[in-house]
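Student: What follows is a predicted protein model with its sequence.
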Amino acid sequence: MSIYDTLNDMQREAVFHTEGPLLILAGAGSGKTRVITHRIAYLIEEKSVNPWNIMAITFTNKAAGEMRERVDGIVGFGSESIWVSTFHSTCVRILRRYIDRLGYGNSFTIYDSDDQKSLMKSVCKKLNIDTKKYKEKNILSQISKAKNDFISPEQYALNNQNDFSKKIIVQAYKSYQEQLKSNNALDFDDLLVKTVELFKGNPDILEQYQERFRYIMVDEYQDTNTVQFRLISMLASKYKNLCVVGDDDQSIYKFRGANINNILDFEKVFPDAKVIKLEQNYRSTQNILNAANEVIKNNKERKSKKLWSDKEQGDKITVKTLENGFMEADYIVSQIKKLKEEKGYKYSDFACLYRTNAQSRAIEERLVSASIPYKLVGGVNFYQRKEIKDILAYLKTIDNGMDDLAVRRIINIPKRGIGATTVEKIQSYADTKGYSFYDSLKQEECIEALGRSGTKVKNFAGFIQMLRTKKNYMSIRELTNEILETTGYLEELRLEGTDEAKDRISNIEELISKIADYEENTENPELSGFLEEVALIADIDSLDENSDYMILMTVHSAKGLEFPVVFMCGMEDGLFPGYMSINSEDPSDMEEERRLCYVAITRAMERLFILSARQRMLHGETQYNRPSRFLGEIPSELIAGSRDNVKRGMSAKDIMETMGRKETRRISKPSDRSMAKPIFESKAFEARQFKVKKADGLDYGQGDRVKHIKFGTGTVVAINDGGRDYEVTVEFDSVGVKKMFASFAKLKKV
DNA sequence: CCATCCACGTTTTTT
DNA sequence: ACGTGGATGG
């Protein structure tokens, strides 16, 4: 009995096919990660491939982490030398080594979208671009599109030389790239573009990586864009052992550059490619699967496949239309209570999926009043929060003053009396002299030109210099505390005392925990290393498996997950599918929405609720939508009878029409204000319930034996109340003495 | 230089 | 409805 016996025939075929290009079309819930991990094990164990020669590439850190874990679990010896990472961190690793060949410094910084925006702002200023007519965001998205298609500024200019309306974009693109280069910075798209450029211009480097990555596996292949495709096809072109896994029906990221043709045309690009379809679904009941199949069938641009399952028929799908968004939320609450009571479900078995983040509010509100614990996924990114960016900007400036944006960000935070005019003067001095912004601060000549503000600027430069000295003997955590104390940043927030300020403080505490974690778990913790890690991390994957709460998130972020009970909320034309796709000329936009719907349906394992509201508050006005057109694509025999809207023998299409008629009814009633007003501050609630906070009391004390998730068991040596959190010193049996924050370490008494 | 007011725009999201 | 960002006046 080998590990491969647990696979089905198709899965096994995919695992055993190790040489040459391979396309695995893996339907939702068909066990694709299992296939990838088993394939890696097979390569090593049966084909004697050196783990060093294997690369598995994903999109998100989370996916990479999960893959790593599962690979480690199945591959015994040598699993650590398998390269498991995201596209972006792969590129960073390569570029850190060789980007000097493209004329950049190897210690380049990575700009996130906020950085991009402020850079573009200064580009527009320089080029006298009217940002009323051409929004920075807009220009950036066009540039991003070009980069995703591997079109250089020069090429872009050629392609659009007769298009007057693109003239601005052409100029902006060129100047933007120049600015990035002079800041020694790359944006996220550049990471990929520059790596491909590097390989194109330097066959020796390319060959070195081709030799290293002899077996390449790409997960979620349907989400790749053109540059990513070029990157992997260059790497694979020597040995041709490229295995891509994906599902064209789950391609939902066209809006951010994913090129669905990468998967649809794989066989054309690699004519000798083997194609294997995984169609057995291990997740959902027949009814749910059938509904998904029937919906997705309406798409033209797809590879035909039909998911099947040997699971039972299961419960029928519940389709319900409520009066408004709040009643929709009430309905969800009542169903959760009922299912929990009658069927013994836990909160964590439920998920609420919606098309737009704005929909979460109404649901949150009702969950709070019903005391149902929930976790909201998505929204504002942790590392994009103002306070976090401020602190990181300080750290970046201390680490190296190369990042102009970081320096400019904090030069007047907290208020030092250095305003926009002064900053502009310094910038133009820097520009004419070719100095970096920070270096200019240290030039006497520059300071003098500033007159009265000169002293303030000088003080600032001195302050940074002082922190730089401290960096040499302080840990990153101490350094951060030093920044927070000496700038008075924290004090300012404390004095403010608002819920929002408290929220920010707890975010800062969380950042400190992350720093502490980095320092505890890294061989040679370095400030630059920490900043690097942080630059490529997007979300706080603080999913606490132990606690029992339901999940709220957009359909997009639900991809790859599964839940016993799924509520699809706001299934209304105009919302899901969204306006944009309904009004779009391009029929493929509607197909993308349909795929999104397919993703949502296939998240459900046992029970699926599809909900819509007759009226809904959106952008401050009440809208009247009819139920989603996708509902009409689900055969009525899969839908449970419901007196309100589904009568037996009435097709889903009829129902839709019935609902549609109501749309025309004029509703004169002004919206009930008490209903529209949020009863509580959801943010505050969230903070109180779910954010990391100082433990009220520890259930262990000095001398107790405790268990840590990474370090194993140990004895508590000391506990210090550090104000924000307890700092616990533990002597671990295997790894020795470690200091850590109690709220972060999650020590368990044994 | 800073505080305050108003206009704008608002799918989806990763890195 | 609501938050962000730019313009305006003190």
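Tutor: Perfect, thanks for sending it. Numbering: from 1, shown residues only, chains lettered A, B, ... in the order given.

Student: can we go C-alpha only for contacts and neighbour counts from here?
Tutor: Fine.

Student: what stretches of the stretch 551-700 of chain A score poorly on pLDDT?
Tutor: Residue ranges of the stretch 551-700 of chain A with pLDDT under 70: A:642-698.

Student: just the helices in it please.
Tutor: Listed in chain order, the helices of the stretch 551-700 of chain A (DSSP state H, counting those that start in this stretch) span A:555-558, A:579-583, A:587-601, A:652-664, A:673-676, A:682-690.

Student: so who does residue A:113 touch?
Tutor: Contacts for residue A:113 (C-alpha atoms under 8 Å, 6 or more residues apart in numbering) come out as residue A:187.

Student: Recalculate using a threshold of 10 Å.
Tutor: A:119, A:137, A:140, A:187-188, A:384 (C-alpha atoms under 10 Å, 6 or more residues apart in numbering).

Student: can you redo the residues you listed as JSON lines with secondary structure, pLDDT and neighbour count?
Tutor: Below are the contacts of residue A:113 laid out as JSON lines (DSSP: H, G, I helix; E, B strand; the rest coil; pLDDT from 0 to 100; neighbours: other C-alpha atoms under 10 Å):
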{"residue": "A:119", "secondary structure": "helix", "pLDDT": "86", "neighbour count": "20"}
{"residue": "A:137", "secondary structure": "helix", "pLDDT": "86", "neighbour count": "15"}
{"residue": "A:140", "secondary structure": "helix", "pLDDT": "90", "neighbour count": "19"}
{"residue": "A:187", "secondary structure": "strand", "pLDDT": "92", "neighbour count": "18"}
{"residue": "A:188", "secondary structure": "helix", "pLDDT": "92", "neighbour count": "18"}
{"residue": "A:384", "secondary structure": "helix", "pLDDT": "77", "neighbour count": "15"}
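
Student: farthest-separated two in these?
Tutor: A:140 and A:384 (17.8 Å; C-alpha to C-alpha).

Student: For stretch A:79-95, list the C-alpha coordinates in PDB.
Tutor: Taking Å, rounded to 0.1, in the frame of the first residue of the first chain, the C-alpha atoms of stretch A:79-95 are listed here in PDB:
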ATOM      1  CA  SER A  79      11.600  18.900   1.400                       C
ATOM      2  CA  GLU A  80      13.200  22.100   2.600                       C
ATOM      3  CA  SER A  81      15.200  22.500  -0.600                       C
ATOM      4  CA  ILE A  82      12.100  22.500  -2.800                       C
ATOM      5  CA  TRP A  83      11.400  26.000  -3.900                       C
ATOM      6  CA  VAL A  84       7.800  26.800  -2.900                       C
ATOM      7  CA  SER A  85       6.900  30.400  -3.200                       C
ATOM      8  CA  THR A  86       4.800  33.100  -4.900                       C
ATOM      9  CA  PHE A  87       5.600  34.600  -8.300                       C
ATOM     10  CA  HIS A  88       6.500  37.800  -6.700                       C
ATOM     11  CA  SER A  89       8.900  36.500  -4.000                       C
ATOM     12  CA  THR A  90      10.500  34.300  -6.600                       C
ATOM     13  CA  CYS A  91      11.200  37.300  -8.700                       C
ATOM     14  CA  VAL A  92      12.500  39.300  -5.700                       C
ATOM     15  CA  ARG A  93      14.900  36.500  -4.900                       C
ATOM     16  CA  ILE A  94      16.300  36.500  -8.400                       C
ATOM     17  CA  LEU A  95      16.400  40.200  -8.700                       C
END
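
Student: what distance separates that stretch from the centre of its chain?
Tutor: Distance of stretch A:79-95 from the chain centroid (C-alpha atoms, centre = their mean, to the nearest Å) equals 18 Å.

Student: residue of chain A with the smallest distance to DNA strand B?
Tutor: Nearest to DNA strand B, among the residues of chain A, is residue A:60, at 2.8 Å (C-alpha to the nearest atom of the strand).

Student: show me the contacts for the spatially closest residue to that residue that is not a sequence neighbour.
Tutor: Excluding its sequence neighbours, the residue lying closest to residue A:60 (C-alpha to C-alpha, 6 or more residues apart in numbering) is residue A:86, at 6.0 Å. Applying C-alpha under 10 Å, 6+ apart to residue A:86 gives the contacts A:56-65, A:92, A:218-219, A:536.

Student: How much space separates residue A:86 from residue A:208?
Tutor: According to C-alpha to C-alpha, to the nearest Å, residue A:86 stands 20 Å off from residue A:208.

Student: same question, residue A:56
Tutor: Going from residue A:56 to residue A:208 by C-alpha to C-alpha gives 17 Å.

Student: likewise residue A:393?
Tutor: 36 Å.

Student: Residue A:192 too?
Tutor: 18 Å.

Student: Could you do residue A:382 as well?
Tutor: 37 Å.

Student: what about residue A:319, helix or strand, and which?
Tutor: strand A:318-324 (DSSP states H and E).

Student: Give the residue from residue A:393 and residue A:208 that has the larger number of neighbours.
Tutor: Neighbour count, other C-alpha atoms under 10 Å: between residue A:393 and residue A:208, residue A:393 has more, with 23 against 11.

Student: wait, does the helix or strand harbouring residue A:143 contact DNA strand C?
Tutor: Element membership for residue A:143 (DSSP H and E) is helix A:136-148. No - under the criterion of C-alpha under 7 Å from any atom of the strand, DNA strand C is not reached by helix A:136-148; the shortest gap measures 8.8 Å.

Student: packing partners for that helix?
Tutor: Applying 3 or more C-alpha pairs under 10 Å, 6 or more residues apart in numbering; DSSP states H and E, one finds that helix A:136-148 contacts helix A:113-126, helix A:153-159, helix A:167-182, helix A:188-201, helix A:226-236.

Student: if we go to 8 Å?
Tutor: Contacts defined by 3 or more C-alpha pairs under 8 Å, 6 or more residues apart in numbering; DSSP states H and E place helix A:136-148 against helix A:113-126, helix A:167-182, helix A:188-201, helix A:226-236.

Student: out of those, nearest to residue A:554?
Tutor: Ranking these by distance to residue A:554, with C-alpha to C-alpha as the measure, places helix A:113-126 first at 20.8 Å.

Student: and that closest one, how far from the chain's centre?
Tutor: For helix A:113-126, the distance to the chain centre is 23 Å (C-alpha atoms, centre = their mean).

Student: Three-state assignment for residue A:282, please.
Tutor: coil (DSSP: H, G, I helix; E, B strand; the rest coil).

Student: one step back: what is the residue nearest to residue A:60 paired to in the beta sheet?
Tutor: residue A:58 (DSSP bridges).

Student: ok, it to residue A:350 distance?
Tutor: Counting by C-alpha to C-alpha, the gap from residue A:86 to residue A:350 is 29 Å.

Student: Would you mind naming what in the stretch 151-300 of chain A lies close to DNA strand B?
Tutor: A:188-189, A:255-256.

Student: Fine by me, we can end here.
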